[in-house]
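Novice: sequence and predicted structure, then a few things I'm wondering about:
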Amino acid sequence: MSSMTWKRLFQVSGVLVAVFIVSTLSIVLFVQTAERSRISHGMEMLTPAPVGIILGASILKDGTPSDALMDRLQVGVDLYNAGKIQDLLVTGDDGQLRSNETAVMKRVLLEKGIPEEHILLDPHGYRTYESCKRAAEVYQIKDAIIITQQFHLPRALYLCTRKGIQSQGISADLHTYINIRRFTVREWLASALAWWETAIKAPKPPVVYP
C-alpha cells in the first residue's frame, strides 16, 4: 500500500473519530440538560406528588447506608414530613448484584418514623434505567419526585420522564462526597448509554431470581 493511501486512511480515520467524539459529547450534553429545569435544591418550590422515588446507592460493609444513600433517605423523610409526598418508593439492589440496598433503605425509613404502609419496595431496580422503568410499568407511578444527588439527577429525570413519569427532582447533597469527581465522570458516560437505551435499543430485562 502506497504512502499516499496510508495518509488518506489516517485522514478518514481521524474524521470518523472526530465525528464520533462530537456526536457522543452532544448526546451527553442533551441528556444532562433535557430535564435540568425540573431540579430543585429545596423542597419549597416542589409541587406535591403522590410518590417520592429514592434511588439506591452503595451499602457499607457493616450494613449501614453510604453517606450518599443516607442523604437520599433523609431527604425522603423530610419530604414526607413536609407533606410533599404520600409514599416513598425505595428502589435498588436486592443483593443479587452486590448488597441488599432496599432492605437497608426500608429499615432506615422505619427507624426514622415512616409508617410501613407508606413504604413501597422495589428490590429489582438494579440500574437507574430499571428503577424508572419498573416504577412506571410495575408500580404504575405517573407523578413522582426523584430523590438523589445533583450529579445523578439529570440522567434519572431524563430516564423517568421518558418512561412516562411526570418527574421533579430534588438534590440530596447534604454532604461533600469524597469520590464526587469519579461519580460525575461516570454519570457523563452513563448519559450516553441512557440515550441509546431510550432512543435506539432498549436493554434486555435483567434475570431476576425469586
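Specialist: Yep, that arrived.
Novice: hey, let's count contacts and neighbours off CA atoms from now on
Specialist: Noted.
Novice: measure how far stretch 160-176 is from the centre of its chain, please.
Specialist: Relative to the centre of its chain, stretch 160-176 is centred 8 Å away, using C-alpha atoms, centre = their mean, to the nearest Å.
Novice: likewise stretch 164-184?
Specialist: Using C-alpha atoms, centre = their mean, the offset of stretch 164-184 from its chain centre is 8 Å.
Novice: quick one: contacts of that stretch?
Specialist: 38-43, 46, 67-68, 71-72, 75, 136, 141-153, 157, 160-161 (C-alpha atoms under 8 Å, 6 or more residues apart in numbering).
Novice: same thing with stretch 54-73?
Specialist: Residues from elsewhere that reach stretch 54-73 (C-alpha under 8 Å, 6+ apart): 76, 88-93, 99-102, 104-105, 108-109, 125, 128, 131, 146-149, 172-175, 177.
Novice: that older thread, which of the contacts of stretch 164-184 fall in strands?
Specialist: Ile39, Ser40, Asp143, Ala144, Ile145, Ile146, Ile147, Thr148 (DSSP state E).
Novice: is Tyr158 in contact with Val31, as I believe?
Specialist: Yes. Tyr158 lies in contact with Val31 (C-alpha atoms under 8 Å); the separation is 6.4 Å.
Novice: mind checking which helix or strand Ser26 is in?
Specialist: Element membership of Ser26, judged by DSSP states H and E, is helix 3-34.
Novice: and that helix, what's its mean pLDDT?
Specialist: Averaged over helix 3-34, pLDDT sits at 78.
Novice: do stretch 114-133 as well
Specialist: 96.
Novice: one more: stretch 54-63?
Specialist: Mean predicted confidence for stretch 54-63 is 92.
Novice: now do the same end-to-end measure for that stretch.
Specialist: End-to-end distance for stretch 54-63: 18 Å, by C-alpha to C-alpha, to the nearest Å.
Novice: so which bits of it are buried?
Specialist: Neighbour counts over stretch 54-63 (16 or more other C-alpha atoms under 10 Å) mark Ile54, Leu55, Gly56, Ala57, Ser58, Ile59 as buried.
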